[in-house]
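Student: Kindly return the folded structure for what I paste below:
(4 chains)
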2 protein chains.
Amino acid sequence: MRADAQRNRELIATTALDLLARRGPAVSMEEIARAAGLGVGTLYRHFPDRQSLLDSVAATTLRTLLAASRAEQSSSSPRWQVLVRIVARCTGLPLALISSLPDATRVDPTVAELVEEVNALLKGLVEDAQREGSLRADLTGAQVVGLLNVAVCRPGARADDPLTTVLLDGLRARP
Amino acid sequence: MRADAQRNRELIATTALDLLARRGPAVSMEEIARAAGLGVGTLYRHFPDRQSLLDSVAATTLRTLLAASRAEQSSSSPRWQVLVRIVARCTGLPLALISSLPDATRVDPTVAELVEEVNALLKGLVEDAQREGSLRADLTGAQVVGLLNVAVCRPGARADDPLTTVLLDGLRARP
DNA sequence: GGCCAACCGGAGCGTGGCCTTCACCTTAAT
DNA sequence: ATTAAGGTGAAGGCCACGCTCCGGTTGGCC
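Tutor: Numbering: from 1, shown residues only, chains lettered A, B, ... in the order given. Predicted coordinates:
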């Protein structure tokens, strides 16, 4: 593969991720192309169609997140700290957008599996934190993961958002 | 006006509000018509175009909310209780959707003014609660109103949502 | 009951945006 | 210099949505 081709392929992926995170899942191919400083045709040279581009971005992002989360998980820090760090990593990622907004039947099986793994890891972590006594115990693991999804994986979210801060404080166990 | 016409007009308004709250601001005229058990033509008999229907729904909703909020505000309850009750009333209303999602220039001036009034009232209430010592003081009134908007006025939100509960707990002042 | 105007229905038109293609041009690599 | 891989963006095709319109229906009134 030619050097410029590889550069452009990565440029497309990172630009698409950025736009998806900032403007939501409805970004058009032309928007991505313009933001990357390329023509639309170039996008189709690298990805057979729009869905493939989205799936590729989602898979890469999820794999990175999963690896980082596993590393974080095997640390000896309190589970609460681990959870906070993972949440910080997740903020702004278009995870919920990719996993739930397009009807769940059409998603790439690889992506679906990765989403499942991330959710399972998060759920386990939440329940561990509850056993540790640092996270409020009046919600199920699935509920916590669900509310993190809608609060944290929304377009434009940032790790130092007031919403993220307040939400994490609200998840802390009460004395 | 004939009796069935008035019934249908109200049916359209309530159905549209319900769908906007549950499915977001992109609901089509045909979706609203189907959900109301009517034809599309009937919608256009009562509202000249889609925007008018949305504006009408928004104005009615905002007026109701504003009246209820003012009543609540003049009660003698702690400001925190007042705020919680108003938030409960707001959950699920497509307020942010109507006020911010369509570019702010095209909104009906009446709606824009009502949104402004609601936001001002909320901001004042938040600041009063901060002075009262019941609401955390490390955020500006505008920030709190902003996060309430995205958290509470999202499609599918409910007053007993885990997210709403956790968020309110996170807004409580710490001992 | 009978009349009429108001009302309802939903197929269909026009439009705009979006994905995708393709014929031609550019450029990296040898 | 050569050549094949890569890039371009205007044009095509498609689809969903807003909106219209006319034939059928229904409520109000004498």
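
Student: Could you measure from A:Arg131 over to A:Pro175?
Tutor: For A:Arg131, the distance to A:Pro175 equals 17 Å [C-beta to C-beta, to the nearest Å]. Every C-beta, even on glycine, is put in place using the N, C-alpha and C of the backbone.

Student: Of these two, which one has the most company?
Tutor: A:Arg131 (11 against 5; other C-beta atoms under 10 Å in any protein chain shown).

Student: and the helix or strand that contains the more buried one, average pLDDT?
Tutor: Taking DSSP states H and E as the definition, one finds A:Arg131 inside helix A:109-132. Per-residue pLDDT over helix A:109-132 has a mean of 94.

Student: Stretch A:10-28 too?
Tutor: 95.

Student: what about dumping the CA coordinates of it to PDB?
Tutor: Output in PDB follows, covering the C-alpha atoms of stretch A:10-28 (Å, rounded to 0.1, in the frame of the first residue of the first chain):
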ATOM      1  CA  GLU A  10      -5.900   6.700   9.100                       C
ATOM      2  CA  LEU A  11      -6.900  10.300   8.600                       C
ATOM      3  CA  ILE A  12     -10.300   9.200   7.500                       C
ATOM      4  CA  ALA A  13     -10.700   7.000  10.600                       C
ATOM      5  CA  THR A  14      -9.700   9.600  13.100                       C
ATOM      6  CA  THR A  15     -11.700  12.400  11.400                       C
ATOM      7  CA  ALA A  16     -14.800  10.200  11.300                       C
ATOM      8  CA  LEU A  17     -14.400   9.300  15.000                       C
ATOM      9  CA  ASP A  18     -14.000  12.900  15.900                       C
ATOM     10  CA  LEU A  19     -17.000  14.000  13.900                       C
ATOM     11  CA  LEU A  20     -19.200  11.200  15.200                       C
ATOM     12  CA  ALA A  21     -18.200  12.100  18.800                       C
ATOM     13  CA  ARG A  22     -18.900  15.800  18.300                       C
ATOM     14  CA  ARG A  23     -21.900  15.900  16.000                       C
ATOM     15  CA  GLY A  24     -23.700  12.600  16.500                       C
ATOM     16  CA  PRO A  25     -24.200   9.600  14.300                       C
ATOM     17  CA  ALA A  26     -25.900  11.400  11.400                       C
ATOM     18  CA  VAL A  27     -22.700  12.800   9.900                       C
ATOM     19  CA  SER A  28     -22.600  12.500   6.100                       C
END
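
Student: That one near DNA strand C anywhere?
Tutor: Yes. Using C-beta under 7 Å from any atom of the strand, stretch A:10-28 reaches DNA strand C at A:Ser28.

Student: Go through that stretch and flag the buried ones.
Tutor: Neighbour-count burial for stretch A:10-28 flags A:Leu11, A:Ile12, A:Ala13, A:Thr15, A:Ala16, A:Leu17, A:Asp18, A:Leu19, A:Leu20, A:Ala21, A:Val27 (criterion: 16 or more other C-beta atoms under 10 Å in any protein chain shown).
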